[in-house]
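Student: Pasted the sequence and its predicted model underneath.
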Amino acid sequence: MERPSADCVLLSSGHRLLPYSRCVGEWLEHWACVSPDQIFLAEPLARPGDGNSNLKPRAWRSITYRGALDWVYRLGEALLQRGLNAQKPLAILSENSIDHALLCLAAMHVGVPVAPVSAAYSLMSNDYAKLIYILKLIKPGLIYVSDGAVYEKALNAALTELAELNPAVLVSRHPKIASGAHDVELFEDWAKIEPGERVRQSFMSISADTVAKILFTSGSTGLPKGVINTQRMLCSNQQAISQLWPFLTTRPPVIVDWLPWSHTFGGNHNMHLILRHGGTLYIDQGKPAPGLIEQTVENLKELAPTLYFNVPRGFDLLLPYLEQDADFRAHFFSELDLIFYAAAALPQPLWDRLRRCAKSVHGPPPAMVSAWGSTETAPLATSVHYPIDQPGIIGLPAPGVTVKMQATAGKWELLVKGPNVTPGYFDAPDLTSRAFDDQGFYRIGDAGRFFDAERPEKGLVFDGRIAEDFKLSSGTWVHVGALRVRVIAEASPLIQDCVITGHDRHEIGLLIFPNWAACRSLCPDFSETVANQTVVGDARVREALRSRLVKLASAGTGSSTYPTRALLLLEPASIDANEITDKGYINQRAVLDHRRAIVERLYAVESDPDVILLR
């Protein structure tokens with residue numbers, strides 16, 4: 001820890017970053033030689049969209065490291081034959097799948113940047129505006145589509161806008177449906193292509209500066225930003241993880257993971273962790289959502305992971321199954337070394353419930369940890385690599401990373417420098433220049449503080465987004481991130497998420513996204529067909545929320561620490577309006593912008609009957 005000035009602290013790891021691989025492909029080459037028959041990837045044969053998604057998978061399609069490398073060489077040859085290169089990237093419209101992974105690895109193996117586009121922009125969008133914007137920006141030489149039937153509307157909308165580019169189309173399933181006016185190739189036909197010497201030459205020409213991926217992040221406002229991910233970023237980050245979690249080298253890690261590869265958590269942290277350490281990734285086609293969490297549970301009943309990664313919403317939906325089924329609980333924890341959460345703060349009640357589940361099973365409980373970073377940091381910037389006993393701690397800088405704590409607006413803003421940090425945004429020099437300070441530190445936009453100022457080695461605590469914090473009309477700062485966590489913890493499990501309101505107003509308010517299952521449980525006389533509007537208007541639900549939230553006022557130290565009013569939202573968060581990511585993370589600013597009329601109702605002079613007063 002260094003203090004160059006009173007308003008600046010520099011933090012770095014006591015562990016020197018050791019040499020790391022030249023590129024991601026070196027990991028695949030290594031394990032194909034050392035552990036050729038080890039299963040690398042597996043996916044259930046019953047897939048969403050094939051009519052059997054509600055059935056427990058009876059079999060898994062899998063591929064070994066040797067088989068994956070063979071595919072990568074064939075696919076790499078095909079990409080080069082079709083003229084793809086550093087200026088003509090590959091775009092992927094697909095859920096997680098073996099085909100998706102192989103094509104992504106093949107592109108990186110021969111120096112072709114790959115851009116996995118969030119499936120939500122194709123499947124949850126009504127106007128496809130973000131999808132079209134992304135494809136126009138990167139100008140792909142090839143668009144891969146996992147299922148022509150599922151992605152037909154989105155693909156046709158995109159191809160209409162990309163008529164001048166006329167990109168090639170590759171499809172795994174239902175190619176005729178997706179063809180339109182374009183020639184469509186079938187993924188399985190590429191297996192017949194014999195790789196030539198230029199695949200090896202292209203692989204050997206890759207350097208640390210070669211662009212591996214372009215990952216899109218929505219940010220707080222506006223259209224998605226294309227974050228350049230170089231080979232240096234990805235490889236240095238996995239080397240840091242390996243040094244901080246040395247147990248990964250004692251046995252090949254096994255994970256059962258749903259997190260989308262269009263995001264850095266699933267696509268960089270988790271996928272590359274498995275590839276770097278010669279482990280196995282079972283692709284979970286469930287999700288933390290009603291009707292899909294059941295698939296996750298079935299997979300976890302069959303497979304026992306050594307590591308388990310999820311977002312807080314995922315743990316929230318998984319926990320009831322663990323709590324109610326002793327056999328499932330025992331199986332889930334039987335091989336588990338570590339539980340990891342990220343992407344949002346984990347409320348204390350969820351932490352406590354996970355702890356109780358783990359302690360109820362014979363044997364030492366797994367470590368429960370988190371980390372902090374972003375798409376721009378590949379993603380790990382800080383890591384918890386020591387025991388902690390509560391959520392919120394984001395650890396200490398990873399080897400090779402320097403974190404600058406800069407005093408800003410009453411908080412410590414966190415900035416990052418290191419080999420894991422992006423060189424900038426794709427075709428956006430203005431965005432890139434604004435993202436770094438005059439010393440080259442990336443402005444991540446988050447705040448942090450020491451868990452214990454007297455013992456900084458205990459780590460940092462996430463202290464919210466700088467851009468989300470606001471002042472009341474009294475001039476008092478409201479720290480949104482910390483208050484949001486307290487609200488969710490106090491009202492658990494009735495609240496799925498919430499947005500804090502009150503900018504330039506006298507009091508804090510809440511816009512609440514209800515947990516519908518928990519709210520309906522308070523109304524046992526209601527049938528399943530009763531509308532959500534009736535549920536949120538029921539006196540039992542309103543009083544249950546009110547009684548929980550008024551406790552915040554009694555424990556608060558001022559008007560900036562507790563809400564005085566709340567409104568329950570019927571309309572779910574919108575992907576088109578940038579209100580939510582497909583990991584379930586709520587964008588505070590976008591919700592406030594999109595729902596200004598609802599905020600006005602919350603503060604209307606004449607009390608709205610739907611507003612729950614909390615004092």
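Tutor: Thanks, I have the structure now.

Student: How about residue 185: what's its closest non-neighbour residue?
Tutor: Nearest residue to residue 185 in three dimensions, chain neighbours excluded: residue 170, at 5.1 Å (Cβ to Cβ, 6 or more residues apart in numbering). For every residue, glycine as well, the C-beta is placed using N, CA and C.

Student: what's the following helix or strand after the helix-or-strand element of the chain with minimal mean pLDDT?
Tutor: Least confident element among the helices and strands of the chain, by mean pLDDT, DSSP states H and E: helix 175-179 (a mean of 77). Using DSSP states H and E, the helix or strand that follows helix 175-179 towards the C-terminus is strand 184-186.

Student: all helices for the stretch 51-200 of the chain, in order.
Tutor: Per DSSP state H, counting those that start in this stretch, the stretch 51-200 of the chain carries helices over the ranges 65-81, 98-109, 120-123, 129-138, 152-161, 175-179, 197-204.

Student: Only alpha carbons, please: show the longest one as PDB.
Tutor: Taking C-alpha atoms only, helix 65-81 is exported to PDB below (Å, rounded to 0.1, in the frame of the first residue of the first chain):
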ATOM      1  CA  TYR A  65      -9.500 -32.200 -25.200                       C
ATOM      2  CA  ARG A  66      -8.100 -34.200 -28.100                       C
ATOM      3  CA  GLY A  67     -11.400 -34.100 -29.900                       C
ATOM      4  CA  ALA A  68     -11.800 -30.400 -29.300                       C
ATOM      5  CA  LEU A  69      -8.400 -29.600 -30.700                       C
ATOM      6  CA  ASP A  70      -9.200 -31.600 -33.900                       C
ATOM      7  CA  TRP A  71     -12.400 -29.600 -34.300                       C
ATOM      8  CA  VAL A  72     -10.600 -26.300 -33.700                       C
ATOM      9  CA  TYR A  73      -8.100 -27.000 -36.500                       C
ATOM     10  CA  ARG A  74     -10.800 -27.900 -38.900                       C
ATOM     11  CA  LEU A  75     -13.000 -24.900 -38.000                       C
ATOM     12  CA  GLY A  76      -9.900 -22.700 -38.100                       C
ATOM     13  CA  GLU A  77      -9.100 -23.800 -41.600                       C
ATOM     14  CA  ALA A  78     -12.700 -23.100 -42.600                       C
ATOM     15  CA  LEU A  79     -12.600 -19.600 -41.200                       C
ATOM     16  CA  LEU A  80      -9.400 -18.800 -43.000                       C
ATOM     17  CA  GLN A  81     -10.800 -20.200 -46.300                       C
END
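
Student: pretty sure the residue nearest to residue 185 contacts residue 142?
Tutor: Yes - between residue 170 and residue 142 there is a contact at 6.0 Å, judged by Cβ atoms under 8 Å.

Student: Which of the two has more residues huddled nearby?
Tutor: Neighbours were tallied for residue 170 and for residue 142 using other Cβ atoms under 10 Å; the higher tally belongs to residue 170 (26 against 22).

Student: How about the contacts made by residue 59?
Tutor: 44, 45 (Cβ atoms under 8 Å, 6 or more residues apart in numbering).

Student: cool, residue 333 as well?
Tutor: Contacts of residue 333 (Cβ under 8 Å, 6+ apart): 357, 358, 361, 363, 365, 366.

Student: cutoff 6 Å now
Tutor: By Cβ atoms under 6 Å, 6 or more residues apart in numbering, residue 333 lies in contact with 358, 361.

Student: How about residue 498?
Tutor: So residue 498 contacts 487, 510, 512 (Cβ under 6 Å, 6+ apart).

Student: Helix, strand, or coil at it?
Tutor: Here residue 498 takes the strand state, with states given by DSSP: H, G, I helix; E, B strand; the rest coil.

Student: partners of it in the sheet?
Tutor: Counting by DSSP bridges, residue 498 is bridged to residue 512.

Student: same question, residue 217
Tutor: Beta-bridge pairing of residue 217 under DSSP bridges involves residue 225.

Student: Do I have it right that it meets residue 374?
Tutor: No - using Cβ atoms under 6 Å, residue 217 is not in contact with residue 374; the gap is 7.4 Å.
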